[in-house]
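Undergrad: sequence first, then the predicted structure:
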Amino acid sequence: MPTKSQKPAAEEPARPPELDPRTTSPVLRALLSELTFDPEDPSQGALLMLRARVTGTAGDGRDAERSRRALDWLVRSFTAECVEATGMLLEARRLRTLSAIVNPVSAEAAKKTLDEVLASQQRHASKVSEQLRAPLKGKDAGPEEESVWSSAVDAVEEVGRGLAFRSIEAAAVRGARHSAGELSDRAGWNLAVSTAEMAVQSTMWEAAHNEIGALLKAPLRAGSGPKVIEAARRASENRWRTLVQAVSASYLGLLATLIAPT
């Protein structure tokens with residue numbers, strides 16, 4: 001498979017003030033404290049409004065439900081959204097239509113499905129990786145073409161490691177494991193994360209496949225390498241923005257119900 005970029009991570013944007021542990025549910029703090037949205041994400045304003053509503057949630061007796069519902073969202077919404085982005089609609093539907101994770105029985109059923117979906121996602125990722133590498137095998141590629149191809153793939157994978165997405169993933173895991181740790185383990189929270197991350201990687205590769213493959217359809221002209229790399233980055237960023245905004249909106253919907261559960 002393509003190698004991961006070794007470029008340093010981008011500097012993290014400033015975060016809002018810490019939530020007061022004396023007045024805020026510890027689960028909500030886990031779900032919100034390290035959360036970072038892109039300033040251009042339309043969900044940013046709604047996130048700030050939600051943060052202002054958490055005062056008074058400490059000790060309200062709702063944290064076990066909050067944690068369980070965060071786990072349920074991680075499996076049935078977040079992971080399903082990522083899998084769907086790869087075009088694996090059947091697998092995404094299997095996750096979305098799981099019974100709500102409320103007890104060990106439903107948790108173990110979720111884990112079984114996650115195992116199967118992860119296996120399917122691994123096969124899909126392997127296929128996409130081979131397709132991405134195919135242009136290099138189809139002709140006698142020189143060192144310069146190899147270098148441009150590798151740099152383009154690195155640029156695409158760097159997009160897929162964006163902070164906004166990773167912060168949502170990490171926050172959901174923290175919230176799920178805070179008061180529903182045993183249930184989270186039974187449901188395979190780590191399988192959900194692995195499936196989602198592999199799906200994102202595949203999606204980024206697919207988004208830039210044409211741009212990366214095009215560099216070998218004709219002899220690489222002098223100075224064209226950076227243009228190929230930038231085209232691949234832009235293609236993946238467009239797909240990335242759509243996915244992240246969908247995940248952000250879904251996560252905000254979850255948070256709104258957890259502040260005042262229905």
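TA: Yep, that arrived.

Undergrad: rest of the way, CA atoms for contacts and neighbours
TA: Fine.

Undergrad: so where's the stretch 101-250 of the chain uncertain?
TA: 138-141, 215-223 (pLDDT under 70).

Undergrad: name the residues of the helix or strand where Gly45 lies that are buried.
TA: Per DSSP states H and E: Gly45 is located in helix 44-51. Under the neighbour-count criterion of 16 or more other CA atoms under 10 Å, helix 44-51 has 44, 47, 51 buried.

Undergrad: now the second one: closest residue in space that isn't a chain neighbour?
TA: Right, Leu47. Residue nearest to Leu47 in three dimensions, not counting chain neighbours: Leu252, with 6.7 Å by CA to CA, 6 or more residues apart in numbering.

Undergrad: contacting residues for that neighbour?
TA: Under the criterion of CA atoms under 8 Å, 6 or more residues apart in numbering, the contact list for Leu252 reads 43, 46-47.

Undergrad: gap between Glu40 and Glu145?
TA: Between Glu40 and Glu145 the distance is 35 Å, computed by CA to CA, to the nearest Å.

Undergrad: in terms of neighbours, single out the busier of the two.
TA: Taking neighbours as other CA atoms under 10 Å, Glu40 and Glu145 compare with Glu145 leading, 17 against 10.

Undergrad: how far off centre is the strand or helix carrying that one?
TA: For Glu145, the host element (DSSP H and E) is helix 143-159. A distance of 22 Å separates the centroid of the chain from that of helix 143-159, by CA atoms, centre = their mean, to the nearest Å.

Undergrad: before we move on, what about stretch 37-46?
TA: So, by CA atoms, centre = their mean, the centroid of stretch 37-46 is 16 Å from its chain's centroid.

Undergrad: how long is that stretch end to end?
TA: With CA to CA as the measure, stretch 37-46 spans 11 Å from end to end.

Undergrad: touching that stretch from outside, list them.
TA: Counting by CA under 8 Å, 6+ apart, stretch 37-46 makes contact with 163-164, 245, 248-249, 252, all of which sit outside it.
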